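Undergrad: what follows is a predicted protein model with its sequence.
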Amino acid sequence: MNYKKIILKPKKEESLLRFHPWIFSGAVQRKDDNLTEGEVVAVYTNSNEFIAVGHYQIGSIEVRILSFEEEEIDSRFWQKRLSAALELRKSIGLISPTNNSYRLIHGEGDSLPGLIVDVYAGTAVIQSHSVGMHESRMAICDAMREVMGDSLQNIYYKSETTLPFKADLGAENGYLFGGTNVEEVAEENGLKFYPDWVKGQKTGFFVDQRDNRSLLEKYATGRSVLNMFCYTGGFSFYALRGDAKLVHSVDSSSKAIMLTDKNVELNFPGDKRHEAFAEDAFKYLANINKGDYDLIILDPPAFAKHRGAIRNALQGYKRLNAVAFDKVAKGGIVFTFSCSQVISKDAFRLAVFSAAAQSGRSVRILHQLTQPADHPINIYHPEGEYLKGLVLYVE
Ligand code: SAH
């Protein structure tokens, strides 16, 4: 191991001894000269004891830990991490011919801070959130091919908008492997969809709602369902399979509405129970009558992307949920979510509580939802918990 060194201030190794995977710039006493952003560094305590190796970056998080062992970050390392992640997902029965879309790497949750990998049938989409992962993309691509073998035909790299702007890396989205004539149909719990990693949001599909969609399917039977913020229609096709009376999907993006229609058609061709509308959520909700729907899903984009936006975001969640409580039928169900990482479970629940109080209706919590097992939370890095949801019964 011959990496440049970072020496911590006295006592600043404490969080690392508890396996927290970040080193903040304030903890660093000194570092070797000429460090390049994204390179692997070795971290030592003030008394020169080895602590960890990680990716160096300029910013408030200066090192993202790759390993607490004294080891080389080479092809063997990447293969080890990727196969451990794959093994976990296999061992809990998450991957099957009818469920071939899953998150293979969930950053810190898979001991690879800054890296996201989603798999859709034969295609993997890699997303880097750190300079180090960007610089390692070819090594990661090679290790993926090694670990996944023939099951993988394409690897797409999508990091143009997720890397730190200041690093000015000029990252371009594109295939690192394969990429000819790809129109992939992937499956989630036996339902088909077209993931659109090239033009779609994030890596092309929101795999994190898989378990929550399954629960929704059970509740949809005989109900009139409004899937608000539908994106590619995930909740809608589960509701249709669950024998909903009707399903209306709404998203402000007309591209999302096109994708929703395409995915519904793929599973339930010509099904007249479904209609999709390109409209703003608040406008749509304002124009419906009380009782039009007896199941409403609210899965908005992250209202707060950073701490400074928390106050306004909570107001936004309150306003949105209040309208839903106002409009949902008597004995209706609301599935409500927040994917803002900076908003805690308690704060979100309080916003929903305020909305319920404002509507004056009797509201009970039936389920408390979170992210699925392929988005594991490293117990030493609670910041990895981001998705929260409530299933509510509204009288
Ligand atoms: N529920 C989806 C994911 C939702 S992502 C799923 O299961 O896949 C959030 C979606 O909200 C995006 O598709 C975005 O286009 C849409 N959106 C953002 N602002 C909106 C608004 N004001 N009204 C309606 N949709 C909006």
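TA: Thanks, I have the structure now.
Undergrad: burial measure for the closest residue to residue 189 other than its chain neighbours, as a count.
TA: Spatial nearest neighbour of residue 189, chain neighbours left out: residue 99 (5.6 Å); criterion: C-beta to C-beta, 6 or more residues apart in numbering. C-beta coordinates here come from the backbone N, C-alpha and C atoms, glycine included. Neighbour count of residue 99, defined by other C-beta atoms under 10 Å: 17.
Undergrad: now the helices for the protein?
TA: In the chain, the segments counted as helices under DSSP state H are 14-17, 75-91, 131-135, 137-148, 210-220, 234-241, 254-267, 281-287, 310-327, 345-359.
Undergrad: the ones you listed: which one's closest to residue 59?
TA: Ranking the helices of the chain by proximity to residue 59 (C-beta to C-beta) places helix 131-135 first, at 9.2 Å.
Undergrad: quick check: residues of the stretch 251-395 of the chain near the ligand?
TA: 251, 252, 253, 256, 280, 281, 299, 300, 301 (C-beta under 6 Å from any ligand atom).
Undergrad: which two in the residues you listed are spaced the farthest apart?
TA: 280 and 299 (15.2 Å).
Undergrad: between those two, tell me which one has more neighbours.
TA: A side-by-side neighbour count of residue 280 and residue 299, using other C-beta under 10 Å, places residue 299 first with 21 against 11.
Undergrad: next, the contact list for that one, please.
TA: Neighbour list for residue 299: 209, 228, 229, 231, 235, 335, 337, 339 [criterion: C-beta atoms under 8 Å, 6 or more residues apart in numbering].
Undergrad: and for residue 343?
TA: So residue 343 contacts 303, 304, 310, 313, 314, 317, 388 (C-beta under 8 Å, 6+ apart).
Undergrad: ok, the fifth one - how many residues close by?
TA: When you say that, I think you mean residue 314. Neighbours around residue 314, by other C-beta under 10 Å: 20.
Undergrad: surely it touches residue 346?
TA: No: if you go by C-beta atoms under 8 Å, residue 314 and residue 346 don't touch, sitting 11.2 Å apart.
Undergrad: list the buried ones in stretch 222-241?
TA: For stretch 222-241, burial by neighbour count (16 or more other C-beta atoms under 10 Å) applies to 223-241.
Undergrad: circling back to that earlier point, just name the most buried of the helices of the chain.
TA: helix 234-241 (a mean of 27; mean count of other C-beta atoms under 10 Å).
Undergrad: that one - contacts with which helices or strands?
TA: If you count contacts as 3 or more C-beta pairs under 8 Å, 6 or more residues apart in numbering; DSSP states H and E, helix 234-241 packs onto strand 191-193, helix 210-220, strand 224-228, strand 246-251, helix 254-267, strand 274-278.
Undergrad: these: which one's closest to residue 160?
TA: helix 254-267 (17.4 Å).
Undergrad: got the angle for the closest one vs strand 224-228?
TA: 140 degrees (axes from the mean of the first three to the mean of the last three C-alpha atoms, to 10 degrees).
Undergrad: residue 94 reaches residue 374, doesn't it?
TA: Yes: between residue 94 and residue 374 a contact is recorded at 5.8 Å, counting by C-beta under 8 Å.
Undergrad: shared neighbours of the two, anything?
TA: Counting by C-beta under 8 Å, 6+ apart, the shared contacts of residue 94 and residue 374 are residue 102.
Undergrad: give me phi/psi at residue 300?
TA: Per-residue torsions, residue 300: phi -70, psi 170 (degrees, to the nearest 10).
Undergrad: for it, which non-adjacent residue is spatially closest?
TA: residue 229 (4.9 Å).
Undergrad: how close does the one you found get to the ligand?
TA: Computed as C-beta to the nearest ligand atom, to the nearest Å, the residue 229 to the ligand distance reads 4 Å.
Undergrad: ok, the closest residue in space to residue 64 that isn't next to it in sequence to residue 380 distance?
TA: Distances taken as C-beta to C-beta, 6+ apart place residue 113 nearest to residue 64, at 3.8 Å, with adjacent residues excluded. Distance, residue 113 to residue 380, using C-beta to C-beta, to the nearest Å: 12 Å.
Undergrad: neighbour count for the two, which is higher?
TA: More crowded of residue 113 and residue 380, by other C-beta under 10 Å: residue 113, with 24 against 13.
Undergrad: list the contacts of that one.
TA: Per C-beta under 8 Å, 6+ apart, neighbours of residue 113: 21, 22, 54, 55, 64, 65, 66, 107, 130.
Undergrad: what of residue 20?
TA: Taking C-beta under 8 Å, 6+ apart, one finds 380, 381 in contact with residue 20.
Undergrad: can you start the count at 393 instead of 1 from here on
TA: OK, 393 is where the count begins now, so the last one is residue 412.
Undergrad: sorry, back to before: when residue 486 and residue 766 are compared, which one has more neighbours?
TA: Using other C-beta under 10 Å, the more surrounded residue of residue 486 and residue 766 is residue 766, with 25 against 15.
Undergrad: make sure the more buried one is actually in contact with residue 495.
TA: Yes: between residue 766 and residue 495 there is a contact at 4.4 Å, judged by C-beta under 8 Å.
Undergrad: which residues do these two both contact?
TA: Here residue 766 and residue 495 share the contacting residues residue 599, scored by C-beta under 8 Å, 6+ apart.
Undergrad: which parts of stretch 592-604 are buried?
TA: Buried residues in stretch 592-604 (16+ other C-beta under 10 Å): 592, 594, 595, 596, 597, 598, 599, 600, 601, 602, 604.
Undergrad: among those, which one lies nearest to residue 751?
TA: Of all those, residue 751 sits closest to residue 604, with 22.9 Å by C-beta to C-beta.
Undergrad: count the neighbours of the closest residue to that closest one other than its chain neighbours for me.
TA: Distance criterion C-beta to C-beta, 6+ apart; nearest residue to residue 604, sequence neighbours excluded, is residue 761 at 5.1 Å. Neighbours of residue 761 under the rule other C-beta under 10 Å: 18.
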